[in-house]
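Visitor: Pasting the sequence and the predicted coordinates here, then a few questions.
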Amino acid sequence: MAVKLEDLMQWPEIEALEYAECGRPETVLGPRMAGKSRVLITAFQREADSVKVKNLDTKKEYEMTKMDENGYFAVLIPAKKIPAYHLFVKTGKEEKEIIDIYGVEPQIDAMDMSQFTNGIHSTIYEKLGAHPMTIDGVKGTYFAVWAPNAKAVSVVGDFNDWQAVEHPMRYLEAAGIYELFVPGVGTGDLYKYEIWGADGHRVMKADPYGNYAERRPATASVVWDIETYNWNDKKWMDARKKWKAKKEPMLVYEVALGAFKKPAGEEKEFYNYREMAPMLCDYCEEMGYTHVELMPVMEHPFDGSWGYQVTGYFAPTSRYGTPDDFMYFMDTMHQHGIGVILDWVPAHFPKDEHGLARFDGTCLYEHHDPRQGEHPHWGTLIYNYGRPEVTNFLTANALFWLEKYHVDGLRMDAVASMLYLDYGKEDGQWIANIYGGNENLEAIAFLQNLNQKIHARKDGSLSIAEESTAWPQVTGDVKDNGLGFDLKWNMGWMNDYLEYIKTDPLFRKGRHGMLTFSMIYQYSEEFMLVLSHDEVVHMKGSMYTKMPGDRSDKFASLRLTYGYMAAHPGKKLIFMGQEFGQEREFSEERELDWNLLEPVDGEMSDHERLRQYVSVLNSFYLAHPAMYVDDSRTAGFEWISTLDADNSVISFIRKSKDETLLVVCNFTPVEHENFRIGVPFAGKYKEIFNSNAAEYGGTGVVNPRVKQSKRQRWDGRANSIECRLPPLSIQIFSCTKTPSAAGRKKKEK
């Protein structure tokens, strides 16, 4: 006996559709086989008077039966397989031809799902999220979201009046993914996912893989096509592939984009990415910085977090424009020869309702146990690095910024908090690993795997760790059980040096070891010296206010500090505004105090002199390979004097195969007229840099004449020179060796 249409209806699920409670709409919407030779096609068209199915292969049309008053239509058509078909929907006198979105094949295949569930899908961002595309000649957007424990998920937005009943998403059980193609939705359309969670609550979530978002305080995701920008930085990208990080100079300018400069007046809050690009380019070129490091530009709801509490990992913040605008920013920087490093936050995320927290009504991205899943001091949640889909999300996100935005490196924030299970926690607030230790084994594996993937690109992109402990081998090779980073922030140098320089010069001799200790461990890692934003916030004062003494002493100490930093092995990073001695602490609510650079009573201001000094210092650093080329090798550095604590003077040499530089630093405001210094060899010593020069705001005590060394033993050296040693200063001498007698004879022959 033939099966009747009514007998094929799954009435409980059909009724659930009306309340957006059907978690498997593919079972009651779209086409499916009903025996060997018939196909059941069903559709919800609430406003329709009638609906027809047209078989595109046979051109035959079939009238659908309206099965209930809510607009559920169904028809059985003869076919041995599901055909290509369109729906003809008639409402009043208007009839329109549409595709059946529940008949569209998923754009995520079995291989995608297998790779994702195993945590190895490096381009999963091309599958999950919102992707404008054309299917069967129809333009629309394909949506996909991971929510394995949800009871039901709908995509909602302006296009359906935010009604969950309009577009319930199909479920791909093998990966826990909900997906749906929605015709007519395109670039600029707002959307969210309404999730009926496993806990019974309904919540509107932003898209974890969304490429754009509404400007805060609004929280919707925005459909965007990030494949249309025409890049013009091929020269830079090709050159970067040959870049050797250990040998190259790096002068990094750390920037909070929204507070570098702000528009005058109240018409707009921020400059656009396109407006900021030439401003920052011009300034970095003038100052000699090789890179900028941007505090997180990923979407975040709260300005006061400075971007470190991210809700939109795949979206540059809309505060400053669109994804295309940010691509323009990156493109412009590269065309001017300036690299861009992004701060990236894989350690934690905020609890905002529209974000990742309890995403599908369960602790999906975070651990369920708060001892594993929460940072008690930060009020944020910790990723579950043991869940493959979570580490896939983070790994793919890191690679996404390198691939889609041509980013030159990622500086990973708060790595220490990832490595230690007890980071920032008291006894009873954490759970040990399977061996009883405090190491987060899953986070370690994640970092190692990610760094291997970054380096496998072979495109010169960098990974940099902000790691504040003595964890071994942060920049060591993964094959040797290292973490695989290219560089590590040298927090030890920063803490020791700032503690030292804040000390009254009268008492610095008691802390002399703070100046020299960094060289004991210098070659244990590949280091970057940092004076970052962290040192000029939260009542720590600016670099200027850290310096003791009167105004002239403060500026002299800043010149000395930046000079010593330049001469010390390691790449360099300084936070914006400190290069000209900004006096106030950093605040995201205002721009830098550029007014300090303006003339005072017709004379150049102290701040402008300092800024010009830093520009000259940067140029000096870049012009002398001895200052950087062997940062990673003991051959590039040699102490001359570390023991003169009474005078608070240190001296050392920086060298490469082609040059040797003698560096002398005086950390007291005491001037020495005839100060003897040991030198590496007999020869001539010419002062080529002095922070005390009058043009930089110093007292003008310099060494204008070349010094010929004398065979007088000093500082354990056979030869020495006498020089004028200015107060609170750094001076650098070029060293020219006196040819030996044998060498002279050989040259004469």
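Guide: Perfect, I can see it now.
Visitor: Just confirm Met514 is within a strand.
Guide: No - assessed with DSSP: H, G, I helix; E, B strand; the rest coil, Met514 is helix; it does not lie in a strand.
Visitor: Can you report how many residues neighbour it?
Guide: Counted with other CB atoms under 10 Å, the neighbours of Met514 add up to 18. Quick note: C-beta positions are derived from backbone N, CA and C, even for glycine.
Visitor: Surely it is in contact with Leu498?
Guide: No - counting by CB atoms under 8 Å, Met514 sits too far from Leu498 to count as a contact (9.3 Å).
Visitor: joint contacts of the two?
Guide: Here Met514 and Leu498 have no joint contacts, going by CB atoms under 8 Å, 6 or more residues apart in numbering.
Visitor: Flag the shaky bits of this structure, pLDDT-wise.
Guide: When residues are selected by pLDDT under 70, those of the chain lie in 1-3, 740-749.
Visitor: now the helices for the stretch 401-550 of the chain?
Guide: Assigned by DSSP state H, counting those that start in this stretch, the helices in the stretch 401-550 of the chain fall at 415-419, 441-456, 491-502, 513-516, 543-546.
Visitor: Could you export those as CSV, including distance to Ile341?
Guide: Formatted as CSV, the helices of the stretch 401-550 of the chain follow (distance: least, CB to CB, whole Å):
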stretch, distance to Ile341
helix 415-419, 15
helix 441-456, 13
helix 491-502, 17
helix 513-516, 28
helix 543-546, 21
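Visitor: before we move on, which element is Ile108 in?
Guide: If you go by DSSP states H and E, Ile108 is not part of any helix or strand.
Visitor: residue contacts, the residue nearest to it when sequence neighbours are not counted?
Guide: Nearest non-adjacent residue to Ile108, counting by CB to CB, 6 or more residues apart in numbering: Lys127, 5.0 Å away. With contact set as CB under 8 Å, 6+ apart, Lys127 has these partners: Gln107, Ile108, Asp112, Phe116, His121, Ala144.
Visitor: which residues touch the second one?
Guide: Contact partners of Ile108, counting by CB under 8 Å, 6+ apart, are Lys127, Ala144, Leu172, Ala175, Ile177, Glu179.
Visitor: And what about the residue nearest to Val530 when sequence neighbours are not counted, helix, strand or coil?
Guide: Nearest residue to Val530, sequence neighbours excluded (CB to CB, 6+ apart): Leu573, at 4.5 Å. Following three-state DSSP, we place Leu573 in the strand state.
Visitor: How much space separates Leu573 from Lys66?
Guide: 68 Å (CB to CB, to the nearest Å).
Visitor: Is the residue nearest to Val530 in contact with Phe527, as I believe?
Guide: No - at 10.8 Å, Leu573 does not count as touching Phe527 under the criterion of CB under 8 Å.
Visitor: same for the helix or strand harbouring Leu622, what does it pack against?
Guide: In this structure, Leu622 sits in helix 606-623 according to DSSP H and E. In terms of contacts (3 or more CB pairs under 8 Å, 6 or more residues apart in numbering; DSSP states H and E), helix 606-623 is packed against strand 251-255, helix 273-287, helix 551-567, strand 683-690.
Visitor: 6 Å instead, please
Guide: Packed against helix 606-623 by the contact rule (3 or more CB pairs under 6 Å, 6 or more residues apart in numbering; DSSP states H and E) you find helix 551-567.
Visitor: what residues does the helix it packs on touch?
Guide: Helix 551-567 is contacted from outside by 529, 544, 547, 581, 606, 610, 613-614, 617, 621, 663, 665, 669, 691, 697, 728-730, using CB atoms under 6 Å, 6 or more residues apart in numbering.
Visitor: List the residues that contact the nearest residue to Arg240 once chain neighbours are set aside.
Guide: Distance criterion CB to CB, 6+ apart; nearest residue to Arg240, sequence neighbours excluded, is Gly460 at 3.7 Å. Gly460 makes contacts with Arg240, Lys241, Trp243, as judged by CB under 6 Å, 6+ apart.
Visitor: Put the buried members of these into a PyMOL selection.
Guide: Buried residues within the contacts of Gly460, by 16 or more other CB atoms under 10 Å, are selected in PyMOL with:
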select buried, resi 240
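Visitor: mind listing which of the contacts of Gly460 are in strands?
Guide: With strands defined by DSSP state E, no entry of the contacts of Gly460 lies inside them.
Visitor: Can you tell me which of the contacts of Gly460 is nearest Pro217?
Guide: Taking CB to CB as the measure, Arg240 is the one of the contacts of Gly460 closest to Pro217, at 38.0 Å.
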